[in-house]
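**Q** Predicted model and sequence below, questions to follow.
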Amino acid sequence: MPAITIRDVPDEARNELAARAARSGRSLQEYLRAELIALAERPSAEDLLARVRARKLHAGASLTDGDVLEAVVGDRR
């Protein structure tokens, strides 16, 4: 398994990550490894948008951005 080195991480960020790791009962390396795996398993915003567009095209949905916005604003009233 390849190793990854990340340079120039600000002290504040490193300290926060170390604190989160400690609170979860893991070493910093274990914590970051789990976080990186979880990040890699999630689709990127671009991939997610492409999936939504493909589903919309396949389903023949005709809602516009304005329709969605109007429904959201209407639900808030």
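**A** Cool, got the structure.

**Q** any idea which helix or strand of this protein has the worst average confidence?
**A** Least confident helix or strand, the chain: helix 65-76 with a mean of 81, by mean pLDDT, DSSP states H and E.

**Q** Dump that helix to PDB, keeping only the CA atoms.
**A** Coordinates of each C-alpha in helix 65-76 appear next as PDB, following Å, rounded to 0.1, in the frame of the first residue of the first chain:
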ATOM      1  CA  ASP A  65     -34.500  25.900 -10.900                       C
ATOM      2  CA  GLY A  66     -37.300  28.500 -10.400                       C
ATOM      3  CA  ASP A  67     -39.900  25.700  -9.700                       C
ATOM      4  CA  VAL A  68     -37.700  24.200  -7.000                       C
ATOM      5  CA  LEU A  69     -36.900  27.600  -5.500                       C
ATOM      6  CA  GLU A  70     -40.600  28.500  -5.400                       C
ATOM      7  CA  ALA A  71     -41.400  25.200  -3.700                       C
ATOM      8  CA  VAL A  72     -38.700  25.700  -1.100                       C
ATOM      9  CA  VAL A  73     -39.800  29.300  -0.300                       C
ATOM     10  CA  GLY A  74     -43.400  28.200  -0.200                       C
ATOM     11  CA  ASP A  75     -42.600  25.500   2.400                       C
ATOM     12  CA  ARG A  76     -41.000  28.100   4.600                       C
END
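
**Q** Just the pLDDT at residue 62, thanks.
**A** In this prediction, residue 62 carries a pLDDT score of 76.

**Q** does it count as helix, strand or coil?
**A** Following DSSP: H, G, I helix; E, B strand; the rest coil, residue 62 is assigned to coil.

**Q** Check which helices and strands the helix or strand containing residue 36 sits against.
**A** Residue 36 is part of helix 28-41 when elements are defined by DSSP states H and E. Identification of packing neighbours for helix 28-41 by 3 or more CB pairs under 8 Å, 6 or more residues apart in numbering; DSSP states H and E yields helix 11-23. All C-beta spots, glycine's among them, are computed from the backbone N, C-alpha and C.
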